[in-house]
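Q: Pasted the sequence and its predicted model underneath.
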Amino acid sequence: MPRRRDEMVPDAEFRSYYGQPVIKQPIWHEPHMPTYLYLGGMSGAASAMAAAARLTGRDRLELAARMAAFAGGTAGAAFLVAELGRPMRFLNMMRVFKPSSPMSVGSWTLAAQGGLTSVAVGSAVTGVLPAVGDAATLASGLSGVAMATYTAVLLADTAVPAWHEALRELPFLFAGSALASAGAAVMLTTPRAQAGPARAAAAAGAMAEVVAGGLMERRLGLVGEPYRQGRAGRLMRASRVLTLGGGLLATVAGRSRALTALSGLAITAGALCTRFGVLEAGRVSAKDPRYTVVPQRERVDAGRPASVPGR
Amino acid sequence: MAECHPVGYQWVMEARERGAKVFHIDPRFSRTSATVDRYLAIRAGTDIVLLGALINHVLSNGLDFREYVLAYTNAATLVNRDFRDTEDLDGLFSGFDEETGRYDPSTWAYEGDVPEEEELTEGGKRHAEAAGSDSYGARGAGASATPPEDPTLTDPRCVYQILKRHYSRYTPEMVEELCGIPREQFDELAEAITANSGRERTTAWVYSVGWTQHSVGVQYIRAASILQLLLGNMGRPGGGIMALRGHASIQGSTDIPTLFNLLPGYIAMPHAHRHDGLDHYLEREGADTGWWGNRRAYVVSLLKAWWGDAATEANDYCFDYLPRLTGDHGHYATVMGQIDGTVKGYFVVGENPAVGSANGKAQRLGLANLDWLVVRDLVLVETATFWKDAPEIETGELRTEEIGTEVFFMPAASHVEKEGTFTNTQRLLQWREKALDPPGDCRSDLWFYYHLGKRVRQRLGDDEIDRPVMELTWDYPEIGAQRDPDAGAVLREINGTAADGRLLASLRELKPDGSTSCGCWIYCGVYADGVNMAARRKPHTEQGPVALEWGWAWPANRRILYNRASADPQGRPWSERKKYVYWDGTRWTGPDVPDFEEDKAPGYRPPEGAKAEHALAGTDPFIMQSDGRGWLYVPSGLSDGPLPTHYEPHESPVRNALYGQQSNPARRTVDRPENPYNPALSPRFPYVYTTSRLTEHHTTGAMSRPLPYLAELQPEAFCEVSREMAEEIGLDNGGWATIVTTRTAIELRVLVTGRVRPLRLNGKVVHQIVMPYHWGYSSGGVVTGDVVNDLPSIVLDPNVYIQESKAGTCDVLPGRRPRGRALLDLIERYRDG
Amino acid sequence: MAERMGFFTDTTICIGCKACEVACKEWNDVPDDGFVFRATSYDNTGALGASTWRHVAFVEQDGRWLMMSDVCKHCTHAACLDVCPTGALFRTEFDTVVVQSDVCNGCGYCVPACPYGVIDRRQDDGRAWKCTLCYDRLRGGMEPACAKACPTKSIQFGPLDELRERAEARVERLHAEGVTEARLYGENPDNGVGGTGAFFLLLDEPETYGLPPDPVVTTRDLPAMWRWAGGAALALAAGVAACFLGRR
């Protein structure tokens, strides 16, 4: 278990307007958005596992992964639509494809993921057009890895300091978490004999998640503070304990149904904690003007302000 | 000014951009203070000390504009040898009667002027009667056109020497001690105004109710007048004293007055006991010299406008149809009459006295004791709903079921739903078009009074007593489905017509023989040649800076009054830089309409016995005055002395350091149980309060609190206190405070701010609390709050009966006020001390 | 495209009358923003948001009281526009940034993207709103309502190039008069958002007024984000593959 770092960032002197935030806090709700991030990640990694299982001929695991990817994708999409201010207009997401908008890229990715996993599951359940189902499964392996990682860009591509500054580590954090949670989901729904790769995925994903999270908090300095403090800090710490514990358990739980269940639930809970924690840290970092003002002020005072030449 | 007149304030900002130095003197650091060169914090109620010290600075350093002062003011005039100044009587002038609390002004007159024979008496004693003062410059008792003078200004009885003596004790040290303005700030101000006055430069003063709402209110303005006259800043471009008004067309409502003591055009209201017929009235109300010498033409033309053919020479032009005064019929006297049951009915039009007038409880007790009440407003103001939601209902002092007042609420049209004119502070009439019909039953005031008049006339008959109403000219064309009387026709009646119906072009055409009619002589010419001059809208880019073709200013479209003073006695501009109206050898000319007879040469000297304007020399610019001079010293017309003198507010936490006399001896108090006073110097009421306004709201909030866009900008009643005061009392920013006087206690949210600073007066720290007064308990308000004007007492300036609401004392407690009966108990404890 | 239009808000002559806030709401039919006494000087609307498109900030300092009318910056590189997934936000012919309320589906992504905290989603309505620089008035050849209502010309509207020149001259003059703290904010076309269409003359550091001292359009780093995400995606794929290799 990573040691909690108790280093205190010295209280930076800064000025603000009555302590009010400079930027707006993300308006995304709980549990919708963090749950979507979890489900999307899990679905994506599960698709990759389904594709891998197809290629390596692990039928039961493939079916479980197809189901997990489908369930995660459709439930995630439902949460995402519910998150909209005007849910009836969710199809407006399909008006354009904008590479500059991770939300647009994500919408198309989610559409692809949802479509492919539906076809894959539909085919598997009904036995209709098995070749199409298999092709969809393989294709969803591609949409899946995009699905599992684009959400990191979605968060990083904002003015929220704790997200934007974490643009390097967030994709790995989410990818690891996705792998762990998909591994956990598949591990729980696959006969033990075939579940080896899922257990491996759960354990490997958990390690990656914990390492990426640790690296992120270490590198961020002041703007990493929200990940260590308050509710977000508690969630991130809980996530680390659960993920690490669940991951370790996964490596040894091969023979015990109960231990497998415990491991899967711990990893799932850890993955959820990660998403809730990241969301909360973002909110806190947006709310406190310190995280917006201090780094910017330092840049200006150091004589190297940001520059994006105008047209 | 930025706070309450942001649109007009743009010109101050522009002047500042062009290099003008702007000072702001106010108890409260407002948006104006934030945008000027220098802000001077002053204790509320001490401005005469500051102005007096500036006068003293000018006089003792010989900084007055001597040529201007000698020629255009009464500085050289000699005063009655029996006159005694406050210097001699420790704060009193000669003629004070302790018993009545009033002055006999006869010793204040110029040398050789005999006081009027039969001055109004009360209890067998002569005294200066107020509520006639608006026209006093015109009074017969005023002054002769050619009083004895000492051009060397050395005679101890000349005005200049009296002034010098009177203000000698108004020193920078006194300013520091009484106003709380440090020496260096005073020096900077004194230097700025004197350096920016004289031939080449001028200084202007702008004031508002911070100067008028005091028991010495009129004398505040007088003090500024003295300073401006001494510095030669009157009648010249960039000079003057500008009164900022509290509403649109408040200037208009004194020109065509809603005041009990005036007829249109500042003509005095006849008095029941003082006047006997038109001739007698004209003889007594105004001087024969100066422009008021023409008053017969104005009064007769007014009577002709009102009663038309019924007004004939034989019946004194229906002069006896005019109502008569019997005394003070001002707002507060009326309210006391209501409480006493002598006033039975009440019209309240576009006002909200239950929130806007001093001592709101007395206002509401009066309302509750009426037979009927008519309220005309845009929304159900507190004055119309007092019977169900007044604070007195909550305390149990009033019970809805016991209030017999029948309230008629008449919804009013807004300014875009009616046509007519606004007259702004610089006397500019601007015509407004009607944009749309008022909704539902809403109607303009013009519609209301016209149709009310018609209905009243339908109910009257041929009785002698009905004739004043039946014979009124009441025949305006009615327009549209709502039958609105034609406001243009009303303006044409105000402008006036000749016998042949031709619209008059100038007030010079008005005749005393009944051949002309004119609803307001100073407005004569607004419809010259059948053109609505007030509706002119030629942009400033298409005409000179004086912009004579934008709207129309009374009188005669003159933009600067007394502008003859912008030239020297010989008629030459004082300087090229300040060139304005001047004598070109044959006539007066310049970018403005000369406020002088165009062809009266500077060398004109009046022949013996000349009347009216002919009695004034070619060097007398102040043509409304009987002597044509600017009055540094006022020999008659004021109730509380010929020279402004500092008196502490009626409720003050400090002693008057200038005189033994603490407060204005002639102030009017209302000693009744509804109107208890905080004792002066009382330790129970250690804080000074002042009331104020905010940009976001309009007066009592009736036009702003019901509007979400305005209400959200200042949603709650609050007070501003200094950090030091907050700490002393235990007030939290954003928390609550309870403000207590002997009248009542109210609760306000607290804004702790560095803008309010404690004042150090001779070692003693005085805290001031500032309270915007825009909130009330209803007014259809999206937001409501306690009524700040429930705090002040009714104590009045003796000249114009304005209340002292800008300076008083209070106590402040942390937290919210008690409710119901407990509130009364709290006040009881404070009263009993 | 027509000339780029914008605002130059000169806080040195702002008198804090809030006429801009009210005129904006009147013209654009923006609802009230609640009735809360905030005890933050004379500011009771708090900040720019979905229902406050002009906001006057009041900063009390020792001996001075700063007032500043804030507004959407209409950035050259507008993050809100970049990240909008539906195309509801678009750039007009005046080079301003406007939300089409009939397209917006309220995803809310623009809200945390804005480095100035301008755009926000309305709770009851579900869509994102902000200053349109009175697009409808501009198309009608009129100036925006706030500029029209401003009594002191603190809010100036016009072609951006012209405003920039005017602003520079103004700052030079203020410096010559000894107001050395005067500085422009947002006019630099090489700043983190490529210059703003609405810029300001301030008398103190931007953060004092609630403005970010060195804002960056978040999409500046988007290529890097995709690269890192791509790396993570590859790593994920590799990780999955690794788990499936080895023995059966």
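A: Arrived safely, thanks for sending.
Q: C-alpha only now, for contacts and for neighbours.
A: OK.
Q: any idea how far the residue lying closest to B:D320 once chain neighbours are set aside is from B:L510?
A: Spatially, and ignoring its direct neighbours in sequence, B:D320 is nearest to B:G277 (6.9 Å; CA to CA, 6 or more residues apart in numbering or on different chains). Look at B:G277 and B:L510: by CA to CA, to the nearest Å, they are 21 Å apart.
Q: who's more crowded, the two?
A: A count of neighbours by other CA atoms under 10 Å in any protein chain shown puts B:L510 above the other of B:G277 and B:L510, at 27 against 14.
Q: C:G178: neighbour count?
A: For C:G178, the neighbour count with other CA under 10 Å is 10.
Q: So for it, what's the pLDDT?
A: Turning to C:G178, the model gives it a pLDDT of 94.
Q: What separation is there between it and chain B?
A: Distance, C:G178 to chain B, using CA to the nearest CA, to the nearest Å: 13 Å.
Q: Dihedrals phi and psi, that residue?
A: phi 100, psi 0 (degrees, to the nearest 10).
Q: Which residues are in contact with it?
A: Listed by CA atoms under 8 Å, 6 or more residues apart in numbering or on different chains, C:G178 has no contact partners.
Q: now the one 3 residues further on
A: With contacts defined as CA under 8 Å, 6+ apart, C:E181 is in contact with C:H175, C:L202, C:L203, C:D204.
Q: PyMOL command to pick out the buried ones of the residues you listed?
A: In PyMOL, this line selects whichever of the contacts of C:E181 come out buried by 16 or more other CA atoms under 10 Å in any protein chain shown:
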select buried, chain C and resi 202+203
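Q: Can I get the contacts of C:E181 in JSON lines including pLDDT?
A: Shown next, in JSON lines, are the contacts of C:E181 (pLDDT from 0 to 100):
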{"residue": "C:H175", "pLDDT": "97"}
{"residue": "C:L202", "pLDDT": "98"}
{"residue": "C:L203", "pLDDT": "97"}
{"residue": "C:D204", "pLDDT": "97"}
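Q: In helices, which of the contacts of C:E181 fall?
A: Residues of these located in helices (DSSP state H): C:H175.
Q: Quick check: of the contacts of C:E181, which lies closest to chain B?
A: If you rank those by distance to chain B using CA to the nearest CA, C:L203 comes first, at 12.7 Å.
Q: Which elements pack onto the helix or strand hosting B:R222?
A: Assigned by DSSP states H and E, B:R222 falls within helix B:217-230. Contacts defined by 3 or more CA pairs under 8 Å, 6 or more residues apart in numbering or on different chains; DSSP states H and E place helix B:217-230 against helix B:47-60, helix B:66-72, helix B:209-212, strand B:241-243.
Q: re the thing from before, among the contacts of C:E181, which lie within strands?
A: C:L202 (DSSP state E).
Q: Single out the most deeply packed of the helices and strands packed on helix B:217-230.
A: Burial of the helices and strands packed on helix B:217-230 is given as mean neighbour count (mean count of other CA atoms under 10 Å in any protein chain shown); helix B:47-60 ranks first at a mean of 24.
Q: Next, the residues that contact that one from outside, please.
A: B:63-64, B:164, B:167-168, B:170-172, B:174-175, B:178-179, B:190, B:194, B:211, B:219-220, B:223-224, B:226-227, B:230, B:644-646.
Q: And for stretch B:145-155?
A: B:70, B:75-78, B:110-113, B:158, B:160-161, B:289-290, B:615-616, B:626-628.
Q: Up against chain C, what does the stretch 151-300 of chain A have?
A: When proximity is defined as CA under 8 Å from any CA of the partner chain, the stretch 151-300 of chain A approaches chain C at A:152-153, A:156-160, A:164, A:167-169, A:171-172, A:175-176, A:179, A:194, A:197-198, A:200-201, A:204, A:292-293, A:296-297, A:299-300.
Q: so how many other residues sit close to B:F186?
A: 19.
Q: Generate JSON lines for the helices and strands packed on helix B:217-230, with mean pLDDT as supplementary columns.
A: JSON lines is the format used below for the helices and strands packed on helix B:217-230 (pLDDT from 0 to 100):
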{"stretch": "helix B:47-60", "mean pLDDT": "98"}
{"stretch": "helix B:66-72", "mean pLDDT": "97"}
{"stretch": "helix B:209-212", "mean pLDDT": "93"}
{"stretch": "strand B:241-243", "mean pLDDT": "94"}
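Q: possible to save those as CSV with distance to B:T741?
A: Output for the helices and strands packed on helix B:217-230, formatted as CSV (distance: least, CA to CA, whole Å):
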stretch, distance to B:T741
helix B:47-60, 23
helix B:66-72, 46
helix B:209-212, 20
strand B:241-243, 30
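Q: Among the ones you listed, which comes closest to B:K578?
A: helix B:66-72 (14.0 Å; CA to CA).
Q: Quick one: residues contacting residue 49.
A: Chain wasn't specified; assuming chain A. A:M49 sits next to A:E62, A:A65, A:G141, C:V240 when contact means CA under 8 Å, 6+ apart.
Q: Switch to chain C, please.
A: Applying CA under 8 Å, 6+ apart, we find C:G49 in contact with C:G117, C:V118, C:I119, C:D120, C:R121, C:W129, C:K130.
Q: rerun at 6 Å
A: With contacts defined as CA atoms under 6 Å, 6 or more residues apart in numbering or on different chains, the neighbours of C:G49 are C:V118, C:I119, C:D120.
Q: Could you find the closest non-adjacent residue to the last one?
A: Looking back up the chat, that one is C:D120. Of all residues not flanking C:D120 in the chain, C:A50 sits nearest, at 4.6 Å (CA to CA, 6+ apart).
Q: What is the neighbour count of that neighbour?
A: The number of residues packed near C:A50 is 22, by other CA under 10 Å.
Q: Would you indicate which residues of stretch A:85-95 are buried?
A: Neighbour counts using 16+ other CA under 10 Å place A:G85, A:R86, A:P87, A:R89, A:F90, A:N92, A:M93 of stretch A:85-95 among the buried residues.
Q: now do stretch B:7-20
A: Within stretch B:7-20, the residues that count as buried by 16+ other CA under 10 Å are B:V7, B:Y9, B:Q10, B:V12, B:M13, B:R16.
Q: for chain A, what's the longest helix?
A: Chain A, longest helix under DSSP H: helix A:257-287.
Q: ok and the helix or strand just after that helix relative to helix A:257-287, angle-wise?
A: Sequence order places helix A:289-301 as the next helix or strand after helix A:257-287, per DSSP H and E. Helix A:289-301 and helix A:257-287 are oriented at 60 degrees to each other (axes from the mean of the first three to the mean of the last three CA atoms, to 10 degrees).
Q: now helix A:289-301: mean pLDDT?
A: The average of the pLDDT scores along helix A:289-301 is 96.
Q: next one: that helix to chain centre, how far?
A: 28 Å (CA atoms, centre = their mean, to the nearest Å).
Q: buried stuff in it?
A: Going by neighbour count (16+ other CA under 10 Å), the buried part of helix A:289-301 is A:P289, A:R290, A:Y291, A:T292, A:V293, A:V294, A:P295, A:Q296, A:R297.
Q: from those residues, which is closest to B:K361?
A: For the buried residues of helix A:289-301, the nearest to B:K361 is A:P289 (47.7 Å; CA to CA).
Q: where's the closest residue to that closest one other than its chain neighbours relative to B:A505, distance?
A: Spatial nearest neighbour of A:P289, excluding adjacent residues (CA to CA, 6+ apart): A:P21 at 4.7 Å. Applying CA to CA, the value for A:P21 to B:A505 is 64 Å.
Q: Three-state assignment for B:M771, please.
A: When classified by DSSP: H, G, I helix; E, B strand; the rest coil, B:M771 comes out as strand.
Q: does it really touch B:V688, like I thought?
A: No: B:M771 lies out of contact with B:V688 (CA atoms under 6 Å); the separation is 11.0 Å.
Q: Spell out the secondary structure type for B:V348.
A: When classified by three-state DSSP, B:V348 comes out as strand.
Q: isn't it right next to B:D377, touching?
A: No: using CA under 6 Å, B:V348 is not in contact with B:D377, being 8.5 Å away.
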